[in-house]
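>>> Pasted the sequence and its predicted model underneath.
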Amino acid sequence: MVVGLLSLELHLSGARSLKDKRMVLRSLKDRLRRLNVAVSELEHQDLWQRAGLGVVTVAASEALARRELDAAVEMVEQIEPGSLARSEIEFLT
């Protein structure tokens, strides 16, 4: 069993308030949950245009976990093009 962790740093240039940011993140998290992942906002809760998300999946192998997390990155890039500032994948075995 492998636990995969994807750390995402987003820059939401269209957000003009925390309310704008929350609307974007709520939609993004709802769409990501359609994949086999759990999502949570972990950093920068008080900043308008910046967000740090954690995306986690559990799989039988590292390859399967990587496939799920790569799909999550692709979905973020499709939903909010140009907003992904950083992504990092880690595995716990």
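Now that the structure is in, tell me what you want to look at. Note that the structure is predicted; figures quoted are calculated from it, not measured.

>>> Can you tell me the SS state at residue 36?
Following DSSP: H, G, I helix; E, B strand; the rest coil, residue 36 is assigned to coil.

>>> Check it and give its pLDDT.
With respect to pLDDT, residue 36 scores 85.

>>> measure it to residue 56 for me?
10 Å (CB to CB, to the nearest Å). The way it works is simple: take the backbone N, C-alpha and C, and place the C-beta from them, glycine included.

>>> Residue 22 now?
Distance from residue 22 to residue 56, counting by CB to CB: 21 Å.

>>> what do you get for residue 38?
5 Å.

>>> More neighbours: these two, which one.
Applying other CB atoms under 10 Å to residue 38 and residue 56 shows that residue 56 carries more neighbours, namely 17 against 13.

>>> Retrieve the pLDDT associated with the more buried one.
At residue 56, pLDDT is 97.

>>> Enumerate every residue touching it.
Under the criterion of CB atoms under 8 Å, 6 or more residues apart in numbering, the contact list for residue 56 reads 3, 4, 5, 6, 37, 38, 39.

>>> How about residue 55?
Applying CB under 8 Å, 6+ apart, one finds that residue 55 lies in contact with 5, 6, 7, 8, 32, 37, 38, 39, 69, 72.
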